[in-house]
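> Here you go, sequence then predicted model.
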Amino acid sequence: MDFESLSADLRSLQARALEEISAAVDPGALDALQIQYLGKKGDLTAVLRGIGALPADDRPRVGAIANEVGEAVKGALATRGTELRSQVQTIRLAAEKVDVTLPGRPVARGALHPIPETIEAIAEVFGQFGFVIHEGPEVEDDLTNFQMLNIAPDHPARDLWDTLYVDIPGYLLRTHTSPGQIRVMQSTRPPIRALLPGRCFRYEAVDASHGSEFFQVEGLMVDEGTSMADLKGLLDEFAHALFGPRKTRFRPGYYPFTEPSVAFDVECVVCGGVGCPACSKSGWMTILGAGMVHPVVLQYGGIDPERYQGFAFGMGVERIANLRHAVPDLRYYLENDLRFLEQFR
Amino acid sequence: MRVPLSWLREYVDVQQTSEQLAERLTLLGMEVKGIEAWGADWRSVVVGELLTVEKHPNADRLHLTTVNVGSGEPLHIVCGAHNIAPGQRVPVALPGAVLPGERRIERTEKMGIASEGMLCSGDELHITSDAEGILILPPGTPLGRQLSDLYGDVVLDVDVKPNRGDALCLIGLAREVAAATGATVRWPEIKVEETGGPVGDRLTVEVRDGVLCTRFVGRWISGAKICPSPDTVQMRLQAAGMRPVSNVVDASNYVMLELGKPTHTFDGSAVHEGTIIVRRAVAGERLETLDHVWRDLTPETLIIADPQGPIGIAGVMGGAESEITDATTEIAIESAIFDPVSIRRTGHRFALRSEASLRFEKGQEFRLARIGADRVAQLTLAWAGGSCARGVVDTAPNEPVSPRLAFRPSRVSKLLGAPIDTAEQRDLLKRVGIETEAAPTGSRIRVAAAPKPLEIDPGSEEVVMAVVPTWRRDLEVEADVVEEVARVRGYETTPSHLPDTLMPAYRPSPLKVRNSIRETLAGAGLTEVVTHALVSPENDARLQWPGDGGLAIASPAAGGVIAVTNPLSSQHSVLRQHVVPSLLGVLALNERQGREDVAVFEVGKGYGRVGDAPQEWTRLAFVLSGDAQPAAWNRPARPYDLDDAKGIVEMICRRLHTPPPSYRPDTRGFPFHPGRALTAEATADAESVSGRVAELHPDALEMWELRAQRVIVAELAIRGLDEATVPRIHVEPIARFPVVERDLAVIVDESRTAAEVEAAIRSHGGALLRGHRLFDLYRGAPLATDEKSLAYRLVFGADDRTLAEAEIDAAVAAVRSGLEIDLGAHIRS
């Protein structure tokens, strides 16, 4: 065995190996080729076994060639291995293709009822201005529901509240959230900023725009110097928050428990103020009633009307929800047809 | 109140368009709810002149007429009325015309003769009450003109608030118009020609209850002739919403609308001995009122009587026997002031609320008693003739002076939040007839009136005295003057700014826990509902939902049912005690709409009474029916079962940071499935959850006529629903040393519950047991038929070291032997 033939064997081994590597079609074949050429009992080792027969001077030269061949084969194995893995991955991914336009797996989601949601929206706005939530009883006594609100028995203004009475003497189903004003004043000291949401009841036949059960949110603010201008400022913010930038106006209203009393109008949310059937062609929609707390009411609340003054407002939750969501019929709210409710999901 | 503009213009000039006027009145507090074009429903009704009137050849009742309508050929019209004659001007509905009530007039044939339209009666046009005769128009009425151009009007619908009884009339609203526009109010000239003998010869009035009747003014007219009022009067009354009756009754109604003074006219011949007695009724007395209903009178009722008995209920309704009829010639006029509360109560007692009683209830200006009597007499003489007796009977002729009300101009500015100087305030008040004058020294300010009167010394503050007009009974305290200043100045001038005063103390929101639970449940697929608190009495009773017995609840459902004493319907006549029945109603409704998968919840109240003390409590209730997971293309359907409900309860407990709930079987049976009902309870420092979870008994489903095979229900008391709770989260340090898991299959008798197994695991697990979780439940071979296998994964660990095998083995062995001893369990590892 001489140097020439040995190096030629090595070269031909390299050529053969590279050819077989490039022809391999799966990673398993590459593993076999690695063993065949580079393993302990592999072809390269076999060739190098003849190195002992060479003159000492030639041995390093053959060694260098053998290293070259080994590196080349190793490199080819690695490159081909990467190629093959990438091919396999590509094939797998191609096979895993799905129609991404199919709908997803449904995740259940219920709807929240528009009444509590509207209360929450109202509370959120006034909460930013420091109004805290209080609640009062729905089975209320006549004194708090009427008399302490400056509505004497037999006062003609009682006609404004058709009342449902219960079989407990002196009690009724509260006709408005306003008795909460008295309860808040009796239990806390000024400065008062309170919001009172809740269910109310009236003796009223149910139709598209009336209900015997409905919800109101009452507001009360009492402090030294709280004025009608403060009321206007807050209600403007409220109207803008719920109905976007639109004109608002104060006009005189009437409640026995406020003096002066106010009706608060916003530009019609349907026609924008030009006049339409929804606003009786006036261009305005009344969204709540308000006023400066009557001195008699402050006194019943245990508050000195000379030192303190304040305002109260009250709004119908359904009315606000109707305007926000264009609900056509008041009966929808307590009927609970899922075709209505699920629109609020 | 309906206000025909043409009528209003008699008392005040109106330069504005009706829309402008409506807005001005609204901004002044007299809200105009609607503007009606009166006569807009007369379409193609024109003025015609009768040229000929002849008998119809084929029908005695009918006439053939020819009518000139101004242009074109005269029309041939068949008419059934008998009050027509050539030369008269009449309303003619042309072919194609539309009359009130959408009545269409076409060319027709009547008994063989063509009729090219119709001559109209006042009733057909809804402008007078005469349905018999054709409406005869004044001779000069322009031919061919549309009737709506001539008699059309604009009617404002004004919402007069209950405190402004003085504005429930044309004069009152004219005052408001004057305040808004600066115009001047013109009173009608009220003058009575007294040509008869002294009134005292005809009429005596005796007021026996001077509290309930503070003034009675009477007049007497003889020789009147009862007939319909002039057409123009009838038209006015119609436009104002009042049906014309006869000239004398109309005069009384006209004065009520004009001046706001209700009066009554009696047939004088039915007033025995010409003596009117105002007194309370005596028990047992009866009266047939104008509506021909016999009324049992009570001693609370103020009546008008003659010496023989009652002839009217004061201020509410007259008696039938003394009613003005066609035969009446003698007329007694009553114009009185009655106690508002008495009238209101009487009206309620007899369920009789008339236009008159509504005005009495709001209080009457004292002066109007005399003015009203004179005005009714004047109009009666003008429309019914006769002669008026000389003088009036007046039980309280001395009229009171205008009350004075002191106010502080500075207070006005302070309440309104806008500086308004004193001179401007005085000017503004003058526009609504409130004169002002200097306040005498020592004047006190009335801040509040009865029932909580408060008068204070204004100290050094400027005080002005307001002279309250006699008609303004609503101005009682200083704040009332503030409102007058504000409304005349215009509420729209109120400045707008955010409060810059102190903020209130922090208060946890009672809505917080509610909202957190609501959002959690919506995220779990349940839809929120809000149902009636008023239900039918059968609603709760039918379901027999158990009370809170055996549950630890902060606000237990307590006491008897509260019933409404004046319910609108039996369906809504008691306050509910439980929420689940309402939700079953929601389920039934949606099933009827074809919905099978219904998962709804409500955070709602229950109500009860303990003695005479009402109680309210809040509950979370939910109902699950149909599929928890409806089938989808990538998932099979799965129906709701009891485990879903428990999962929801467990999620709520996690959300509220309580320990997991403990479950106890409830085997009562109806309304529950006897083998699928339980109580769930969990308590933490701040929060507690307790209630019942069950599958309903099939009989209950049948009662609600439900189609669903299975309905799962729950009703839970949660402390945070009734009071604001603030749960705290105490963090456990993250374990520094690894934990080890061991699985244990516990084979027990069927009668053993999971709760028992878990209790035993916990009690024998020792300090190293960190947790356990059921991951499998198996029945069947090789187990005996009355056995089951519960497979638990136990987690062991320690804070200070990695556990050695031996330690873990010992802990597992303790659990094993504990289970074997306590429950007779077999263990397979």
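Thanks, I have it. Since the model is a prediction, treat every value here as computed from it, not as a measurement.

> Is any residue of the helix or strand hosting residue B:713 near chain A?
Using DSSP states H and E, residue B:713 falls within strand B:711-718. No: figure legend: strand B:711-718 not in contact with chain A (Cβ under 8 Å from any Cβ of the partner chain); closest approach 15.0 Å. For the C-beta atoms, the positions are set from N, CA and C on the backbone; glycine is no exception.

> Can you list the strands that that strand pairs with?
Note on strand B:711-718: by DSSP bridges, its sheet partners are strand B:613-625 (antiparallel), strand B:688-696 (antiparallel).

> would CSV of the ones you listed with mean pLDDT, mean neighbour count and distance to residue B:747 be doable?
Listed next are the strands paired with strand B:711-718 as CSV, based on pLDDT from 0 to 100; neighbours: other Cβ atoms under 10 Å in any protein chain shown; distance: least, Cβ to Cβ, whole Å:
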stretch, mean pLDDT, mean neighbour count, distance to residue B:747
strand B:613-625, 96, 23, 32
strand B:688-696, 95, 24, 27
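
> Export those to CSV and append columns for distance to residue B:136.
Formatted as CSV, the strands paired with strand B:711-718 follow (distance: least, Cβ to Cβ, whole Å):
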stretch, distance to residue B:136
strand B:613-625, 66
strand B:688-696, 76
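
> ranges for the helices of chain A?
Ranges of helices within chain A are A:3-23, A:27-38, A:43-48, A:58-95, A:114-128, A:142-145, A:179-187, A:228-243, A:295-300, A:317-325, A:332-335, A:338-341, based on DSSP state H.

> Then the stretch 301-450 of chain B?
B:340-349, B:355-361, B:368-384, B:409-416, B:422-431 (DSSP state H, counting those that start in this stretch).

> Check which helix or strand the residue most central in space within chain B maps to.
Residue closest to the average C-alpha location in chain B (Cα atoms, centre = their mean): residue B:568, at 12.7 Å. Counting by DSSP H and E, no helix or strand carries residue B:568.

> Find the nearest non-adjacent residue to it, please.
In this structure, residue B:568 finds its nearest non-sequential neighbour in residue A:212, 5.5 Å apart by Cβ to Cβ, 6 or more residues apart in numbering or on different chains.

> show me the contacts for the one you found.
By Cβ atoms under 8 Å, 6 or more residues apart in numbering or on different chains, the contact set of residue A:212 is A:164, A:201, A:202, A:203, A:204, A:205, A:206, B:534, B:568, B:572.

> Could you rerun that using 10 Å?
Residues counted as contacts of residue A:212 (Cβ atoms under 10 Å, 6 or more residues apart in numbering or on different chains) are A:162, A:164, A:173, A:200-206, A:334, B:532, B:534, B:564, B:567-569, B:572.

> what number of residues lie near residue 341?
Chain wasn't specified; assuming chain A. 24 (other Cβ atoms under 10 Å in any protein chain shown).

> wait, chain B
Residues near residue B:341, counting by other Cβ under 10 Å, number 16.

> try residue B:467
The burial count for residue B:467: 16, using other Cβ under 10 Å.

> What separation is there between it and chain A?
Separation of residue B:467 from chain A (Cβ to the nearest Cβ, to the nearest Å) stands at 20 Å.

> pretty sure that residue contacts residue B:403?
Yes: at 8.0 Å, residue B:467 and residue B:403 qualify as touching, with contact defined as Cβ atoms under 10 Å.

> Residue B:47 versus the residue nearest to the centre of chain B, what's the distance?
50 Å (Cβ to Cβ, to the nearest Å).

> Now do the contacts for residue 81.
No chain was given, so I picked chain A. A:21, A:24, A:27, A:30, A:31, A:34.

> Chain B, not that one
Contacts for residue B:81 (Cβ under 10 Å, 6+ apart) come out as B:53, B:61-63, B:65, B:90, B:119-121, B:130-136.

> between those, which is closest to residue B:447?
residue B:130 (56.6 Å; Cβ to Cβ).

> Residue B:5 against residue B:13, yeah?
No: using Cβ under 10 Å, residue B:5 is not in contact with residue B:13; the gap is 11.6 Å.

> ok, back up a step: please, a ChimeraX command that selects the buried ones among the contacts of residue A:212?
Selecting only the buried entries of these in ChimeraX, with 16 or more other Cβ atoms under 10 Å in any protein chain shown as the criterion:
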select /A:164,173,200,201,202,203,204,206,334 /B:532,534,564,567,568,572
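
> Look at whichever residue of the stretch 101-250 of chain B sits closest to chain A and give its secondary structure.
Closest contact between the stretch 101-250 of chain B and chain A, by Cβ to the nearest Cβ, is at residue B:161 (3.5 Å). Three-state assignment for residue B:161 (DSSP: H, G, I helix; E, B strand; the rest coil): coil.

> now it: how far from residue B:488?
From residue B:161 to residue B:488 the distance is 16 Å (Cβ to Cβ).

> for residue B:89, same thing?
Counting by Cβ to Cβ - residue B:89 and residue B:488 are separated by 46 Å.

> Could you do residue B:199 as well?
42 Å.

> Tell me who's in contact with residue B:684.
By Cβ under 10 Å, 6+ apart, residue B:684 lies in contact with B:653, B:656, B:657, B:658, B:659, B:719, B:725, B:727, B:728.

> Now with 7 Å, please.
Counting by Cβ atoms under 7 Å, 6 or more residues apart in numbering or on different chains, residue B:684 touches B:657, B:658, B:659, B:727.

> that's a helix at the third one, yeah?
No: with three-state DSSP as the criterion, residue B:659 is coil rather than part of a helix.

> tell me the pLDDT at the residue nearest to residue B:202 when sequence neighbours are not counted?
Leaving aside its chain neighbours, residue B:202 sits nearest to residue B:220 (4.2 Å; criterion: Cβ to Cβ, 6+ apart). Note on residue B:220: pLDDT of 98.

> other SSEs contacting the host helix or strand of residue B:220?
Per DSSP H and E, residue B:220 falls inside strand B:213-222. Helices and strands touching strand B:213-222, by 3 or more Cβ pairs under 7 Å, 6 or more residues apart in numbering or on different chains; DSSP states H and E, are strand B:204-207, strand B:275-280, strand B:331-338, helix B:368-384, strand B:387-388, strand B:393-394.

> Report the mean confidence score over the longest one.
When the per-residue pLDDT values of helix B:368-384 are averaged, the result is 97.

> Contacts made by that helix with the rest, please.
Contacts of helix B:368-384 (Cβ under 7 Å, 6+ apart): B:190-193, B:215, B:217-219, B:221, B:224-226, B:229-230, B:233, B:247-248, B:251-252, B:254-255, B:259, B:261, B:263, B:331, B:333, B:335-337, B:388, B:392, B:394.

> Narrow these to those that are buried.
B:192, B:215, B:217-219, B:221, B:224, B:226, B:229, B:233, B:247-248, B:251-252, B:254-255, B:259, B:261, B:263, B:331, B:333, B:335-337, B:388, B:392, B:394.

> Start and end of stretch B:493-501, how far apart?
With Cα to Cα, to the nearest Å as the measure, stretch B:493-501 spans 22 Å from end to end.

> List the contacts of the closest residue to residue B:71 other than its chain neighbours.
Distance criterion Cβ to Cβ, 6+ apart; nearest residue to residue B:71, sequence neighbours excluded, is residue B:144 at 5.8 Å. Residues near residue B:144 by Cβ under 7 Å, 6+ apart: B:46, B:47, B:69, B:70, B:71.
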